[in-house]
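Enquirer: Just a sequence and a predicted model for now, questions to come.
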Amino acid sequence: MTTIQNTTEINRSVGEVFAFLTDLNNHEQLMPENIYNWSSTADEARFTIQNMAKLALKVEERVANELIKLIPSEKAPFEVTLRWELQAVSDTVTKATFVIDADLNMMMKMIATGPLQKLIDFQVNKLKAVLG
């Protein structure tokens, strides 16, 4: 299993950050330009990654103010889990970590690790920019 992650601190309460991330409709704001054909509900999101694949993700688990776990709702090119892990640093600061666990063979690891890291870095930075 390959684990890719990034962490940031956001100047909002853990409840505010959780409320934003728990609704998958909000995740479109966190996506880079190479994501298109976006459609979502509070619990599921579908989109296409340019020159790569179509993905459909659904919320598998929510732990209030701590965790949002997403898994594919349809067959994905490889086994993958996405997690937003939240931790209150103070009443007004939240540590947010975005983690992707992907079951990649050696060839896929060489191809996909860079783009997945860029996606995580982009989303973590965008979350900080959106929520400030």
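Expert: Received the coordinates, thanks.
Enquirer: Mind listing residues that contact stretch 103-121?
Expert: With C-beta atoms under 8 Å, 6 or more residues apart in numbering as the test, stretch 103-121 has contacts from 1-2, 4-6, 32, 52, 77-80, 98-100, 102. The way it works is simple: take the backbone N, C-alpha and C, and place the C-beta from them, glycine included.
Enquirer: got it, and stretch 70-85?
Expert: Contacts for stretch 70-85 (C-beta under 8 Å, 6+ apart): 21, 24, 44, 53, 55-60, 66-69, 96-105, 108, 112.
Enquirer: In it, which of the residues would be classed as buried?
Expert: Of all the residues in stretch 70-85, those buried under the rule 16 or more other C-beta atoms under 10 Å are 70, 72-73, 76, 80-85.
Enquirer: quick one: which of those residues sit in strands?
Expert: The members of these that map onto strands under DSSP state E are 70, 72, 80-85.
Enquirer: Just give me how far whichever helix in the chain runs longest sits from the chain centre.
Expert: When the chain is parsed with DSSP state H, its longest helix is helix 106-131. Taking C-alpha atoms, centre = their mean, to the nearest Å, one finds the center of helix 106-131 at 9 Å from the center of the full chain.
Enquirer: still on that earlier bit, looking at the buried residues of stretch 70-85, which is nearest residue 132?
Expert: residue 84 (17.2 Å; C-beta to C-beta).
Enquirer: Sheet-wise, list the partners of the longest strand seen in the chain with their directions.
Expert: Looking across the chain with DSSP E, the single longest strand is strand 53-63. Here strand 53-63 is paired, per DSSP bridges, with strand 44-49 (antiparallel), strand 67-72 (antiparallel).
Enquirer: any chance of those strands in a markdown table, with mean pLDDT and distance to residue 13 too?
Expert: Converted to a markdown table, the strands paired with strand 53-63 look like this (pLDDT from 0 to 100; distance: least, C-beta to C-beta, whole Å):
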| stretch | mean pLDDT | distance to residue 13 |
| --- | --- | --- |
| strand 44-49 | 92 | 24 |
| strand 67-72 | 97 | 16 |
